[in-house]
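Student: Okay, structure incoming, though there's no sequence with it:
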């Protein structure tokens, strides 16, 4: 069986919406949570998942998103603190098997690691991409 | 000859500082510009480049950073608008050959392309990383 069939995405900004649209297109069950109802405008017309308006730092909101059925949670708000808190709750309270959080501050990745939370750091990914672009020789070559 | 010997980096936040430290370590001439002098605390003790305090949207500040000698400019503030403006000035006024800008909003990459500015989008890089992590099977496999 290919995993992750029920995915809760916290944050429907640019990143959350890209993930929601893409995973929905892959036929996964997707629930997107955002405090701000206006954020859901980022979802495509084809998005077939559910939208939950509320603060994902509240257990009741995560329950409404069906976290008890979820096998995956993606914490994708623009706030490292919120992502850490939500990811930690998903792991320790709801025992969600796969939890991945966006974290802008590379020095905080260690904290996440301790809780068994995978992290994705846009800052480091960008730094790598900049350095790779500079390592390539300019058009003239050698 | 390996290019880019004189690199101006605009923005000394997390990303700018990582790039400055790394490129300085590679032996390049690096000048970092930030409006906020406190940002330079992100630079490592080994950083051997120059720091310029000022608003890089002003031509005089870019000149102070030696942009007329630069063969590369990296626009790495956290503001897409600032990055676009600075990158555009570097290309059109100072004819810097390599200009790369961070842009959070994927829909703005097109604008940059029109000006011959390479872009690096943390949002898309992160989305790819999340999707790649989900595409991998969980520990149990198949």
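Tutor: Okay, I see it. Given the structure is predicted, the values throughout are model-derived calculations rather than measurements.

Student: Sort out which residues of the strand or helix carrying residue A:86 are buried, please.
Tutor: For residue A:86, the element it lies in under DSSP states H and E is helix A:80-92. Across helix A:80-92, burial judged by 16 or more other Cβ atoms under 10 Å in any protein chain shown covers A:80, A:82, A:83, A:84, A:85, A:86, A:87, A:88, A:89, A:90, A:91. No exception for glycine: its C-beta is placed from N, CA and C like everyone else's.

Student: got it, and stretch A:44-60?
Tutor: A:47, A:49, A:51, A:52, A:53, A:56.

Student: Dihedrals phi and psi, the last one?
Tutor: In terms of degrees, to the nearest 10, the main-chain angles of residue A:56 are phi -70, psi -10.

Student: Contacts only, for it.
Tutor: If you count contacts by Cβ atoms under 8 Å, 6 or more residues apart in numbering or on different chains, residue A:56 has them with A:10, A:11, A:33, A:35, A:62, A:65, A:77, A:82, A:86.

Student: what about the residue nearest to the second one when sequence neighbours are not counted, which SS state?
Tutor: With Cβ to Cβ, 6 or more residues apart in numbering or on different chains as the measure, residue A:77 is the residue that lies nearest to residue A:11, at 3.5 Å, once sequence neighbours are left out. Using DSSP: H, G, I helix; E, B strand; the rest coil, the structure places residue A:77 in coil.

Student: can you tell me how far residue A:77 sits from residue B:27?
Tutor: Separation of residue A:77 from residue B:27 (Cβ to Cβ, to the nearest Å): 39 Å.

Student: Have a look at the two and say which one is more surrounded.
Tutor: Legend: neighbour count by other Cβ atoms under 10 Å in any protein chain shown for residue A:77 and residue B:27, higher for residue A:77 (24 against 10).

Student: quick one: low-confidence parts of chain A?
Tutor: Along chain A, segments meeting pLDDT under 70 span A:1-2, A:137-142.

Student: Can you name the residues of it sitting close to chain B?
Tutor: With Cβ under 8 Å from any Cβ of the partner chain as the criterion, chain A meets chain B at residues A:1-4, A:7, A:14-15, A:18-19, A:22-23, A:72, A:74, A:76, A:97-98, A:100, A:102, A:104-106, A:118, A:120, A:122-127, A:129-131, A:133-134, A:137-138, A:142.
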